[in-house]
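Asks: need a 3D model of the following:
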Amino acid sequence: KEDKLGIRASSTCEITMNDVVVSESDILGEYGKGYKYAIEILNEGRIGIGAQMVGLSQGTFDNTIPYLNQRKQFGHALSSFQGMQFDYAYLATEIMAARLLVYNAARLKDAGKPFIMEASMAKLYSSKVAERVSSKCVEMLGGVGFTKDFPAEKFFRDCKIGQIYEGTTNIQLQTIAKHVQNMYPS
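Replies: Predicted coordinates for the structure are as follows:
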């Protein structure tokens, strides 16, 4: 079992298979199409990762704002200070934008329409939003945000994987660029 930075509730371990032979009757799908199947699953999975990152962002936000409403500085709730308001207004906007990108990719997939670029956009953007939201929430919480008494530190650790699995950030950018190029042939 790996000792990971985040998503610690999900076990990750190495599996090694040597000299494995699979009979033709036990092959899932069509012989020689494994890579194609894997890529299709990754493309679909990017929508799920996007949704996971939106949920992580929303969870961090939902656990931060009540504290900002309750915590007082100079006789006023932290949430009442204009600088803090600008921060959480921007985070709320980013979370909504990420959610809509995920919804759009899922809508296209469910409708049987091309969705690969949109799934990559959803995963790319929502994973970046999760990192920004969780980092900013830790910051807005101050010292308690850095403790395990509040869930913000866990969300902060958990969000990084969103930029790695189901294709790294650079893979998403490459996929999006390829689709954009195809939209504007030379």
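
Asks: and Ala122, how far is that from Tyr103?
Replies: Plainly put, Ala122 is 8 Å away from Tyr103 if you go by CB to CB, to the nearest Å. C-beta coordinates here come from the backbone N, C-alpha and C atoms, glycine included.

Asks: give me the more crowded residue out of those two.
Replies: With neighbours defined as other CB atoms under 10 Å, Ala122 and Tyr103 compare such that Ala122 has more, 29 against 15.

Asks: excluding its backbone neighbours, what's nearest Gln85?
Replies: In space, not counting the residues next to it along the chain, Gln85 is nearest to Ser79; the distance is 7.0 Å by CB to CB, 6 or more residues apart in numbering.

Asks: gap between the one you found and Ser134?
Replies: In this view, Ser79 and Ser134 are 18 Å apart by CB to CB.

Asks: kindly report the same for Arg8.
Replies: Using CB to CB, Arg8 is found at 15 Å from Ser134.

Asks: out of the two, which sits in the busier spot?
Replies: A side-by-side neighbour count of Arg8 and Ser134, using other CB under 10 Å, places Ser134 first with 29 against 13.

Asks: show me what contacts that one?
Replies: 56-57, 60, 152, 155-156, 158-159 (CB atoms under 8 Å, 6 or more residues apart in numbering).

Asks: quick one: least confident helix or strand in the chain?
Replies: helix 152-159 (a mean of 91; mean pLDDT, DSSP states H and E).

Asks: A strand includes the residue nearest to Gln85, no?
Replies: No - under DSSP: H, G, I helix; E, B strand; the rest coil, Ser79 falls outside any strand and is assigned helix.

Asks: what's the neighbour count on it?
Replies: Neighbour count for Ser79, taken as other CB under 10 Å: 18.

Asks: ok, the residue nearest to Phe115 when sequence neighbours are not counted - how many residues close by?
Replies: Using CB to CB, 6+ apart and skipping residues adjacent in sequence, the residue nearest Phe115 is Leu108, 3.9 Å away. Per other CB under 10 Å, the neighbour tally for Leu108 reads 17.

Asks: dump the residue contacts of Leu108.
Replies: 114-115, 118.
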